[in-house]
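Chemist: my questions concern the predicted model and sequence given below.
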Amino acid sequence: MGTKRAVPIQDKAKFFALIASGRNIKDACAETGVHVNTGSRWLKRAKELEANRKEANHRANTGAGNGGRQERAHMDFMDTIDLPSAIPHDMLCEEALRGLEDFDYFRRRYLGRVPSPWQVEAALTLVKLLESEEKEFVVLNVPPGAGKSTLFHDVAVWAIVRNRRIRVMIGSVSQNMAKMYSRRIRETLERVSPILPDPMMVQKGLAIDAEGCLTIDYGRFKPVDKGALWRAEEFVVEQLDGNGLDNKEPTVRAYGIEAEFIGHRADLCLFDDVASPDNARESVARDKLLERWDGVAEARCDPGGLLAVVGQRLGSGDLYAHCLSKETYDIEEDISYDGSDVKNPEDVQEGQPVRQKKYRQIIYKAYYEELDTGKESRSFKSLPYPDGPLLDPRRLPWKDLSFIRYSKPDLFNVVYQQEDLDLDTRLVHRTWITGGLGPDGVDYPGCVDNHRQPGHIPEGLAHPWISIVAVDPSPTMFWAFVWIIYQPQTNLYHVVDIERVKLSAEEVLGYDTMTSEYSGLMDEWQERSYQMGYPISHWVVEINAAQRFLLAHDFVRKWQALHRVNVIPHTTSRNKLDESLGVEALLPAVIRSGALRLPSMSGNWKTLAATDELTKWARDKKSGTDIVMALWMAILNLPNLTQAKAPPRQWRPKWL
């Protein structure tokens with residue numbers, strides 16, 4: 001009886017690769033040079049192991065109260081898989097060798113990805129920078145929904161397959177999110193069969209069936225040593241020589257931006273979903289993020305390594321803008337000149353070090369207008385960028401983009417087109433107020449009554465209407481008063497007058513005990529409203545001022561009873577940022593539609609001041625927002641107020 005031939009691991013790997021590509025057992029065995037019985041035994045064993053793996057996964061996902069036994073059973077099963085060890089480069093099959101050089105082929109064969117030109121281009125750029133001798137920093141700005149997280153996963157997997165000794169850091173806004181990304185990479189590396197995507201994703205053209213398996217073509221990545229590090233948040237892959245890494249860092253480690261990772265350094269640092277709307281504007285959260293980024297995150301990249309952060313732009317104050325503003329200086333080592341003999345200021349520049357950007361920026365826009373050749377170029381089946389105007393016609397279809405482009409142009413320009421604008425400082429566009437064709441191509445009606453001056457009421461205002469004044473004080477004692485007459489039937493807000501002036505409490509509303517007479521701006525406006533036939537029925541006052549200067553005094557309550565008006569305390573606090581009732585939710589809609597009617601701009605500082613504040617308003621702006629806040633307080637409270645009755649008229653005989 002003859003001795004059985006020891007089958008080389010590359011032959012076994014080639015056999016499974018042929019089976020995965022659709023070949024039958026007979027053909028696969030013939031091309032590999034093994035007996036059909038041997039191939040059948042391998043395939044039977046692989047199917048049994050795959051069935052056991054699925055059963056273990058099912059029990060782990062559905063079982064309860066088992067103390068982690070299902071997870072341990074799954075791990076024990078993975079340890080028993082009869083897979084080839086790490087295969088050296090000179091023993092790889094043709095498909096595996098091609099996968100090391102061709103990222104697009106690698107993704108299609110092993111990960112089941114639909115070809116995406118921008119992702120291939122971005123991946124090749126990142127890998128090229130990773131191979132640079134210098135430490136590289138990259139900001140990759142991509143619109144949401146384009147597959148940026150998938151790209152980072154694929155780049156990390158490809159980098160590990162190309163170099164098992166690489167150290168990868170996966171960073172995110174939270175530890176749980178980073179751990180999820182790390183677990184996804186680990187599961188990709190330990191699969192024992194080709195990836196079968198969701199049939200619905202395949203039908204929609206968003207995924208394809210993978211042809212090969214990484215563990216078959218490149219050998220196993222999970223070490224057989226039961227003591228090896230192989231957890232969701234960190235793991236070490238099997239090395240080509242069968243030994244572990246000679247440094248303390250694992251192959252992959254996951255960190256939240258708030259986590260402590262002082263001692264861990266890496267060759268490839270990938271940060272995804274770090275910036276968010278909450279930390280993209282002036283706040284304690286943003287200060288903490290930038291401090292952690294400068295002091296900790298950047299320092300984790302080793303010499304010759306690459307740090308890349310990916311995400312969509314959120315405004316001029318986000319993390320990406322902070323990174324892109326950084327500069328480095330090239331200084332020659334043997335400079336001994338101290339500039340003591342410089343006579344002209346222009347000569348100083350010659351002795352300054354050369355400045356250059358620390359971060360490279362890679363930008364991908366959702367829509368490239370210069371490549372738009374018509375409706376067909378924007379269809380679902382059109383070619384993606386750079387052959388068409390859409391970055392990804394399937395993931396970011398024109399139907400969705402066009403709605404955002406015309407309904408929320410600022411959001412589209414910043415988040416989807418990666419323009420360096422600040423959404424927070426653009427509460428409204430000036431065109432919305434003045435009227436005319438806006439930058440988004442919309443013809444706005446405008447809000448200005450050119451024939452009406454401040455203090456004048458539009459002619460022919462019919463009942464019902466409500467006449468109110470909103471008052472917003474400031475710490476510097478500047479008070480903003482806005483008088484509005486609202487018509488519920490037409491939904492128009494007619495601004496009668498605006499005042500922003502520095503006043504004392506007595507100048508707002510005073511009372512002379514000797515003469516029993518009232519004075520101040522509130523009393524003047526109240527009397528004027530009677531004379532004009534549209535009496536003010538409500539005064540909406542910021543609660544601190546209402547309690548401190550008004551409602552605390554008896555004479556104010558007597559003044560209310562005398563004029564039959566109500567002083568309504570308004571609480572601002574977090575309401576101004578509310579998604580449904582905040583400043584950004586109410587004012588833009590009213591102004592875009594032209595429902596807010598302002599007096600003429602011609603020679604009128606009041607309307608000009610209101611326009612200036614509206615176009616420059618920001619969430620974190622501490623001054624220059626009084627008129628905006630008064631307008632918002634009025635519009636917010638008007639739906640809850642009782643409609644005013646017609647002013648009383650004195651009876652007179654018909655013959656007079």
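Modeler: Sure, I can see it.

Chemist: ok, R220 touching E238?
Modeler: Yes. Using CB atoms under 8 Å, R220 is in contact with E238, at 5.9 Å. C-beta here means a position set from N, CA and C on the backbone, and glycine is covered the same way.

Chemist: for these two, list the residues in contact with both.
Modeler: S85, A86 (CB atoms under 8 Å, 6 or more residues apart in numbering).

Chemist: confirm E527 sits in a helix?
Modeler: Yes. Per DSSP: H, G, I helix; E, B strand; the rest coil, E527 lies within a helix segment.

Chemist: any idea what V495 is bridged to?
Modeler: Taking DSSP bridges as the rule, V495 bridges to I484.

Chemist: near it, how many other residues are there?
Modeler: Counted with other CB atoms under 10 Å, the neighbours of V495 add up to 23.

Chemist: now do S504
Modeler: 11.

Chemist: where does the stretch 201-350 of the chain dip in pLDDT?
Modeler: Where the stretch 201-350 of the chain drops to pLDDT under 70, the residues are 242-248, 260-263, 281-283, 329-350.

Chemist: which residues does the closest residue to N566 other than its chain neighbours bridge with?
Modeler: Distance criterion CB to CB, 6 or more residues apart in numbering; nearest residue to N566, sequence neighbours excluded, is H538 at 5.1 Å. Listed by DSSP bridges, the beta-bridge partners for H538 are I468, N566.

Chemist: go ahead and confirm H538 touches L641.
Modeler: Yes. With contacts counted by CB under 8 Å, H538 reaches L641, the gap being 5.5 Å.

Chemist: any shared contact partners between these two?
Modeler: Jointly contacting H538 and L641 under the rule CB under 8 Å, 6+ apart are I466, I468.

Chemist: those two: which is more packed in?
Modeler: More crowded of H538 and L641, by other CB under 10 Å: H538, with 21 against 17.

Chemist: tell me the contacts of the more buried one?
Modeler: Contacts for H538 (CB under 8 Å, 6+ apart) come out as I466, I468, V469, V565, N566, V567, I568, N637, L641.

Chemist: the same query, at a cut-off of 7 Å, please.
Modeler: I468, V565, N566, I568, L641 (CB atoms under 7 Å, 6 or more residues apart in numbering).

Chemist: where does the fourth one land in three-state SS?
Modeler: Under three-state DSSP, I568 falls in the strand class.

Chemist: for it, which non-adjacent residue is spatially closest?
Modeler: According to CB to CB, 6+ apart, the nearest residue to I568 is V540 (4.9 Å).

Chemist: and that neighbour, what's its pLDDT?
Modeler: pLDDT for V540: 91.

Chemist: quick check: angle from the helix or strand hosting it to strand 566-570?
Modeler: According to DSSP states H and E, V540 maps onto strand 538-542. Orientation check (axes from the mean of the first three to the mean of the last three CA atoms, to 10 degrees): strand 538-542 against strand 566-570 gives 30 degrees.

Chemist: re earlier: surely the residue nearest to I568 touches I466?
Modeler: No. Using CB atoms under 7 Å, V540 is not in contact with I466; the gap is 11.3 Å.

Chemist: more neighbours, these two?
Modeler: Using other CB under 10 Å, the more surrounded residue of V540 and I466 is V540, with 24 against 21.

Chemist: so what's the more buried one up against?
Modeler: I468, A470, V471, I568, H570, M633, A634, N637.

Chemist: secondary structure class of the last one, three-state.
Modeler: When you say that, I think you mean N637. Under three-state DSSP, N637 falls in the helix class.

Chemist: what is the burial count for it?
Modeler: Counted with other CB under 10 Å, the neighbours of N637 add up to 15.

Chemist: these two touch, right, it and I568?
Modeler: Yes. If you go by CB under 7 Å, N637 and I568 touch, sitting 6.4 Å apart.

Chemist: for the contacts of H538, pick the one with the most neighbours.
Modeler: Going by other CB under 10 Å, I468 tops those with 23 neighbours.

Chemist: could you measure it against W539, distance?
Modeler: Distance, I468 to W539, using CB to CB, to the nearest Å: 7 Å.

Chemist: just the strands in the stretch 451-600 of the chain please.
Modeler: Residue ranges of the strands in the stretch 451-600 of the chain, as given by DSSP state E, counting those that start in this stretch, are 466-472, 478-487, 492-502, 510-512, 517-519, 538-542, 566-570, 596-597.

Chemist: reformat these as a markdown table; add distance to R231.
Modeler: Shown next, in a markdown table, are the strands of the stretch 451-600 of the chain (distance: least, CB to CB, whole Å):
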| stretch | distance to R231 |
| --- | --- |
| strand 466-472 | 55 |
| strand 478-487 | 58 |
| strand 492-502 | 60 |
| strand 510-512 | 72 |
| strand 517-519 | 75 |
| strand 538-542 | 54 |
| strand 566-570 | 53 |
| strand 596-597 | 58 |
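
Chemist: hey, least reliable of the ones you listed by pLDDT?
Modeler: Ranked by mean pLDDT, the strands of the stretch 451-600 of the chain bottom out at strand 566-570, which scores a mean of 85.

Chemist: return the distance of it from the chain's centre.
Modeler: Relative to its chain's centre, strand 566-570 lies at 38 Å (CA atoms, centre = their mean, to the nearest Å).

Chemist: count of residues packed around the nearest residue to L130 once chain neighbours are set aside?
Modeler: Residue nearest to L130 in three dimensions, not counting chain neighbours: L306, with 4.3 Å by CB to CB, 6+ apart. Residue neighbour count, defined by other CB under 10 Å, stands at 25 for L306.

Chemist: assign L306 to helix, strand or coil.
Modeler: strand.

Chemist: I'd like the next helix or strand past the lowest-mean-pLDDT helix or strand in the chain.
Modeler: Lowest on mean pLDDT, DSSP states H and E among the helices and strands of the chain sits helix 69-79, with a mean of 48. Next along the chain after helix 69-79, taking DSSP H and E as the criterion, comes helix 94-101.

Chemist: which residues touch W158?
Modeler: F103, F106.

Chemist: what angle separates the strand holding V540 from strand 478-487?
Modeler: Using the same axes, to 10 degrees: strand 538-542 against strand 478-487 is 140 degrees.

Chemist: got the angle between strand 538-542 and strand 466-472?
Modeler: 20 degrees.

Chemist: chain center to strand 538-542, what's the gap?
Modeler: 37 Å.

Chemist: before we move on, what about stretch 394-403?
Modeler: With CA atoms, centre = their mean, you get 18 Å for stretch 394-403.

Chemist: between the two ends of that stretch, what distance do you get?
Modeler: The first and last residues of stretch 394-403 sit 16 Å apart, counting by CA to CA, to the nearest Å.

Chemist: buried ones in it, by neighbour count?
Modeler: R395, L396, P397, W398, L401 (16 or more other CB atoms under 10 Å).

Chemist: what do you get for stretch 490-510?
Modeler: Across stretch 490-510, burial judged by 16+ other CB under 10 Å covers 492-500, 503, 505, 508-510.
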